[in-house]
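**Student:** Here is the input, now give the coordinates:
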Amino acid sequence: MQSSSLMLRRFCCFNATFSSSALNPSSKKKQLVFLGSPQVSASVLDALFNASSSPGSLFEVAAIVTQPPSGRDRGRKVMPSPVAQHALDRSFPADLIFTPERAGEETFLSSLRTLQPELCITAAYGNILPSKFLNIPPLGTVNIHPSLLPLYRGAAPVQRALQDGVKETGVSLAFTVRPLDAGPIIACERMEVDDQIKAPELLALLFSEGSKLLIHELPSIFDGSARAKAQAQDDSKATLAPKISPEESWLSFDQEALVLHNKVRAFAGWPGTRARVEAIDNKSGQRSILELKIITTRVCSTENIQRNEVDVVDFVKGALVFPCGGCTTLEVLEVQLPGKKVVSAASFWNGLRGQKLKKLQ
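**Tutor:** This next block holds a predicted model:
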C-alpha cells in the first residue's frame, strides 16, 4: 500500500500512463469512464465499482475524471476531490484519475481517446463538456441530474427546487448534449419532498436513487435500446436553476415566513442563510449587532402572536420567533455565530443574559 502523500503526488501529476487492463484489447468488458467530483458523486462511483465487480458484469471503470485538488479545509490544505479520494481508497490506479482544469484540454482529450471508452457517465462533475469530448464515446455520455427534467436545468437544481417550495422532485437519467441538461431522457424517478428536508439530505437521496436507476438502465444503454426509447425534452416546459451566489444568503424579514423557511432549507450547507439582529442591554442601553447563520427553521403554526413591537424577536417554546411579512412568523431552532459551533435557539437565548433582541433588515 503506497503512502497517501505518494498517491497524492501521483494523482496531481497528469500523465497518459494507463493500466494494462484498461487497454487490453482482449477484454470483453465495455470500457466506461466516470466523471464526478463531490461526495454525492462518490456514491454513484461506488455503485459502479460494485456493479462492475459482480458476476457477469458488462463493463469496467476504465478511468475517472474529476475536479483538480483544492484547498477545502480550514488550513486550506490541498486535497483530492471526494470522488478522487474515494477511488484511491478503493485502490483504483492513481494514474487513471484525470484532473483537467477544463474538459476541452487537448492533452486530456488525447488521453481519453487512447482509452477508447464506449460510454461516459457524469454525476455532478462541475465542468462543461465540449462537443469534442462528447464525440469520443460511441455510446454517448449519460448524466444523472437531480431534477425532473426539463425542470431545473442548471447548476443548482435541488437548491432552486427547495427554494421554490416544490412538493415533488426526482432524478433524471439523460443523454448529454451541448445545450445544458437538454438531452433525451432515458428514465426518471419521482420523489415526494418533505417540508423540513434540507438540500444536502435531498441531494444525497436523489443521487442514491440515481445510482440505482443508472445500474438498472446500463444494459439497455450498452445494447443501444436506451437510445431508441429515450424521450426528447419539451423545451417549452424548461425551467432554469442558476448557480447560487453568496450574496443571496441574506434573509429579508419583510418576506413571508414560508419563503424564508424554504430558503434556509435550500441554502443549507453552502452558502447558508444569514441574518443580522441587534442585541440591546436594557440597563445600559448598549447596542451590538450580531450576524447569525440561520441553520434550522419552521413556519410558526401559532397565529396572532401579541407583540408590543413588530421588530422584536421573542423566545417561545425553544425557538427564536421572528415576525415576517404578511403577518407570518418564522421559528428559528438553531443558529451559529461567526467562528462558533451550531447551537440551539435556547442556548443562544440564554447567552444573551436578558438582552432584548431585534431583527434588522
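**Student:** longest single strand anywhere in this protein?
**Tutor:** Counting by DSSP state E, the longest strand found in the chain is strand 287-299.
**Student:** Averaged pLDDT, stretch 250-261. What do you get?
**Tutor:** For stretch 250-261, mean pLDDT rounds to 96.
**Student:** buried stuff in it?
**Tutor:** L251, F253, E256, A257, V259, L260, H261 (16 or more other Cβ atoms under 10 Å). Glycine gets a C-beta too; all of them are placed from N, C-alpha and C.
**Student:** and those residues, which of them are in helices?
**Tutor:** A257, V259, L260, H261 (DSSP state H).
**Student:** Show me the strands in the stretch 51-200 of the chain, by range?
**Tutor:** All strands of the stretch 51-200 of the chain, identified by DSSP state E, counting those that start in this stretch, fall at 59-65, 70-71, 78-79, 97-98, 119-123, 141-145, 168-175, 185-192.
**Student:** Going by mean pLDDT, which of the ones you listed comes out lowest?
**Tutor:** strand 70-71 (a mean of 80).
**Student:** quick one: low-confidence parts of the stretch 151-300 of the chain?
**Tutor:** The stretch 151-300 of the chain contains no residues with pLDDT under 70.
**Student:** Quick one: mean pLDDT over stretch 339-354.
**Tutor:** In this model, stretch 339-354 has a mean pLDDT of 96.
**Student:** what does that stretch rub up against?
**Tutor:** Here stretch 339-354 makes contact (Cβ atoms under 8 Å, 6 or more residues apart in numbering) with 279, 282, 295, 315, 318-320, 332-337.
**Student:** Of all pairs in the residues you listed, which one spans the longest distance?
**Tutor:** Farthest-apart pair in the contacts of stretch 339-354 is N282 and I295; separation 27.3 Å (Cβ to Cβ).
**Student:** Which one of those two is surrounded by more residues?
**Tutor:** I295 (19 against 9; other Cβ atoms under 10 Å).
**Student:** How much space separates the more buried one from W349?
**Tutor:** Applying Cβ to Cβ, to the nearest Å, the value for I295 to W349 is 15 Å.
**Student:** Report all helices and strands that the lengthiest helix in the chain contacts.
**Tutor:** Assignment by DSSP H gives helix 199-223 as the longest helix of the chain. Secondary-structure packing of helix 199-223 (3 or more Cβ pairs under 8 Å, 6 or more residues apart in numbering; DSSP states H and E): helix 39-52, strand 119-123, strand 141-145, helix 157-163, strand 168-175, strand 185-192, helix 225-229.
**Student:** buried sites along it?
**Tutor:** Neighbour-count burial for helix 199-223 flags 199-200, 202-203, 205-207, 209-211, 213-215, 217-218, 220-222 (criterion: 16+ other Cβ under 10 Å).
**Student:** Equivalent analysis for stretch 49-65, please.
**Tutor:** F49, A51, S52, L58, F59, E60, V61, A62, A63, I64, V65.
**Student:** now stretch 240-248
**Tutor:** Across stretch 240-248, burial judged by 16+ other Cβ under 10 Å covers A241, I244.
**Student:** Pull the residues that contact that stretch.
**Tutor:** With Cβ under 8 Å, 6+ apart as the test, stretch 240-248 has contacts from 147, 152-157, 159-161, 267, 270-271.
**Student:** Spatially, what comes nearest to G269 if we skip its sequence neighbours?
**Tutor:** Excluding its sequence neighbours, the residue lying closest to G269 (Cβ to Cβ, 6 or more residues apart in numbering) is P200, at 4.5 Å.
**Student:** now swap in Q336 and tell me
**Tutor:** K293 (4.2 Å).
**Student:** got it, and I144?
**Tutor:** Closest to I144 by Cβ to Cβ, 6+ apart is G210, at 3.9 Å.
**Student:** Can you name the residues that contact K167?
**Tutor:** E192, V193.
**Student:** for the one 3 residues further on, same thing?
**Tutor:** For G170, the residues meeting the contact criterion (Cβ under 8 Å, 6+ apart) are S147, L148, C188, E189, R190, M191, L206, E209.
**Student:** Filter the residues you listed down to the buried ones and express that as a ChimeraX selection.
**Tutor:** Only the buried entries of the contacts of G170 go into this ChimeraX selection, using 16+ other Cβ under 10 Å:
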select :147,148,188,189,206,209
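**Student:** Could you export the contacts of G170 as TSV, including distance to K30?
**Tutor:** Shown next, in TSV, are the contacts of G170 (distance: Cβ to Cβ, whole Å):
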residue	distance to K30
S147	28
L148	29
C188	24
E189	24
R190	30
M191	30
L206	26
E209	24
